[in-house]
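Trainee: Model the structure of this input:
(2 chains)
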Amino acid sequence: MTKNELQQKACDVRMGIIESTHSAKCGHPGGSLSAAEVFTYLYFEEMNIDPKDPKKADRDRFVLSKGHTAPGLYSALAYRGYFPVEDLKTLRHIGSHLQGHPCVSHTPGVDASSGSLGQGISVAAGMALSAKLTNDNYRVYTLLGDGELEEGQVWEAAMFAGFRKLDNFVVIVDNNGLQIDGPVDEVNSPYPIADKFKAFNFHVIEVADGNDFDQLAAAFKEARETKGMPSAIVMKTVKGKGVSYMENQVGWHGKAPNDEEYETAMKELKEAKEAVCQK
Amino acid sequence: MSEVKSVATRQSYGEALAEFGKKYDNLYVLDADLAAATQTKIFKAAFPERHIDCGIQESNMVGIAAGLASTGKVPFCSSFAMFAAGRAYEQVRNSVGYPHFNVKIGATHAGISVGEDGASHQCLEDIALMREIPGMVVINPADDVEARAAVEAAYLHEGPVYLRFGRLAVPVINDNPGYKFEIGKGVTLKEGSDVSLIATGLEVSETLKAAEMLSADGVNAEVINIHTIKPLDEDLIIKTAQKTKKVVTIEEHFVAGGLGSAVAEVLGEKCPTLMKRIGVYDTFGESGPAKDLLHKYELDAEGIYKQVKAFL
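Mentor: Residues are numbered from 1 along each chain as shown, chains lettered A, B, ... in the order given. Predicted coordinates for the structure are as follows:
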């Protein structure tokens, strides 16, 4: 896909996030929006997957360790063709396959049940180890929040993956700087993030703007070319990116837009998409 | 009485893994720096490429196992019960139970019979914790023969299984040609009419001895081995309760949440019966030789005998 096409898809993914959380009247738009580009890049460019055969054995795996940003994942899956985009409006509704946090047994394309922070990275590391044990070629990606780095299990998994030289494993950190109780460096600072992963024997790739496709493309290429150690892509992003009143606002971590806010957000995102299309 | 062979079920676990590792090439074993204690070192010696030592990270180990299971391998996660079911409880619940991944938890050193290590390592709540997880099978084998059979049954069962093993050598009571292990099927070891003694794990052999002592007093006890606490053999439990009208449960576990609770739940709803639950009552254990602890907490044959007599 061209950069322009990816940018259009990212606008779609953002609209899906707003559509679904508005319909649910709850959920987590902020951290879903900050990761919209990485969701888009993974599902439309990076990963070897087939929406028509979600369980194909040699598929690349993605585990959303920061599971509360399921609206972003679901939106990417829907626009990629795993299930109808219409389904996004059923997010968190009773009977829906779109649970509040990702679950294997509910949603096509979801490979691990996650959302209890710190656990997804271990499951993803297990998948990467599994490929190594039987010489399978798939790669495994996992997305963590920066607040999630406060969980001890993250570092258990990092130690394990670094020690075992899992070079088919990519940890992505969505460093949007905010967690529920405030800025991450005021709650319990995870900084320096890059140095920590280096110390755990990761090849670290720092991305200055994780909402920029050129930078993401370069980072994933570098990760793919890295042998003998796992990669950590630590990307600076903007929480709530793409919706003016949500950007960098901690209050939009776990709150859905009301009807009026929904209209404003959708208008902004449609305009953004039109602007991209006209380029 | 002739000398009966005694084996710790953790030993049976390690040997069974090595045995079935030959037969099943997608069987993997994970440990958390306790391979010498859990006896997975036997498997490690035979299949080093299929033994993954995670170091001292029980929570991560359970996640790694979930990842292996999701890609078609059958991992046996091994640690002490305190850490496998206790420390990693939420990982077992959310990373394994919720997606119903095909992970087996092999928990050794369960119960007060851990002995000298003391209360911090004597897990008396693992059965309670594990049986709360939807879809989890919970097995507590009584001896060497049963433990080995349980390992293979767990491998063949599609879905998560919790296996409970002990550190203390226990008499082999199932070494007979007719022995058959079936998940969810209790075993009547002795027919009786005065009281039903329903035991699990290492308490099964102690209960058999207690039944002999009761017999000398003219009490004809029925003895049932419940090796699978979940799914529970409700039919057998109701049948024996209807027969004897008095039920005693015996386990090396807190009376809250374990076998006694599971039996009381069934009987309370379907066949109200007078019950006595023998186990550990709302107290931590302590250091000491395993046999002395079982005696002090009235979990050996003599203690069971005394408590059953008092109940009757």
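Trainee: mind checking which helix or strand the residue of the stretch 51-200 of chain A found nearest chain B is in?
Mentor: The minimum distance from the stretch 51-200 of chain A to chain B, using Cβ to the nearest Cβ, falls at residue A:126 (2.0 Å). Using the backbone N, CA and C atoms, a C-beta is placed for each residue, glycine as well. Here residue A:126, judged by DSSP states H and E, is contained in helix A:119-133.
Trainee: In CSV, please show the C-alpha coordinates belonging to the helix or strand following that helix.
Mentor: As assigned by DSSP H and E, the chain's next helix or strand after helix A:119-133 is strand A:140-145. Taking Å, rounded to 0.1, in the frame of the first residue of the first chain, the C-alpha atoms of strand A:140-145 are listed here in CSV:
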residue,chain,number,x,y,z
VAL,A,140,4.9,-12.2,16.5
TYR,A,141,4.0,-8.6,17.3
THR,A,142,2.7,-7.3,20.6
LEU,A,143,1.6,-3.8,21.4
LEU,A,144,2.0,-2.4,25.0
GLY,A,145,1.0,0.8,26.6
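Trainee: got a pLDDT number for residue B:308?
Mentor: With respect to pLDDT, residue B:308 scores 98.
Trainee: same question but for residue B:123, I mixed them up
Mentor: pLDDT, residue B:123: 98.
Trainee: One more: residue B:2?
Mentor: 58.
Trainee: and the direction of the helix holding residue A:126 versus that of strand A:140-145, what angle?
Mentor: On the basis of axes from the mean of the first three to the mean of the last three Cα atoms, to 10 degrees, helix A:119-133 is oriented at 160 degrees to strand A:140-145.
Trainee: for helix A:119-133, what is the average pLDDT?
Mentor: Helix A:119-133 shows a mean pLDDT of 98.
Trainee: other SSEs contacting that helix?
Mentor: Judged by 3 or more Cβ pairs under 8 Å, 6 or more residues apart in numbering or on different chains; DSSP states H and E, the packing partners of helix A:119-133 are strand A:61-64, strand A:140-145, helix A:152-163, strand A:169-175, helix B:58-70, helix B:89-91.
Trainee: in it, what counts as buried?
Mentor: For helix A:119-133, a neighbour-count test (16 or more other Cβ atoms under 10 Å in any protein chain shown) marks A:119-131, A:133 as buried.
Trainee: just how off-centre is that helix within its chain?
Mentor: 17 Å (Cα atoms, centre = their mean, to the nearest Å).
Trainee: Export that helix to CSV, keeping only CA atoms.
Mentor: Provided in CSV are the C-alpha atoms of helix A:119-133 (Å, rounded to 0.1, in the frame of the first residue of the first chain):
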residue,chain,number,x,y,z
GLN,A,119,0.0,-10.7,30.4
GLY,A,120,-0.2,-10.3,26.6
ILE,A,121,3.5,-9.9,26.1
SER,A,122,4.2,-13.2,27.8
VAL,A,123,1.7,-15.0,25.6
ALA,A,124,3.2,-13.4,22.5
ALA,A,125,6.7,-14.4,23.7
GLY,A,126,5.4,-17.9,24.0
MET,A,127,4.1,-17.8,20.4
ALA,A,128,7.5,-16.6,19.2
LEU,A,129,9.3,-19.3,21.2
SER,A,130,6.9,-21.8,19.7
ALA,A,131,7.9,-20.8,16.2
LYS,A,132,11.6,-21.2,17.1
LEU,A,133,11.1,-24.6,18.7
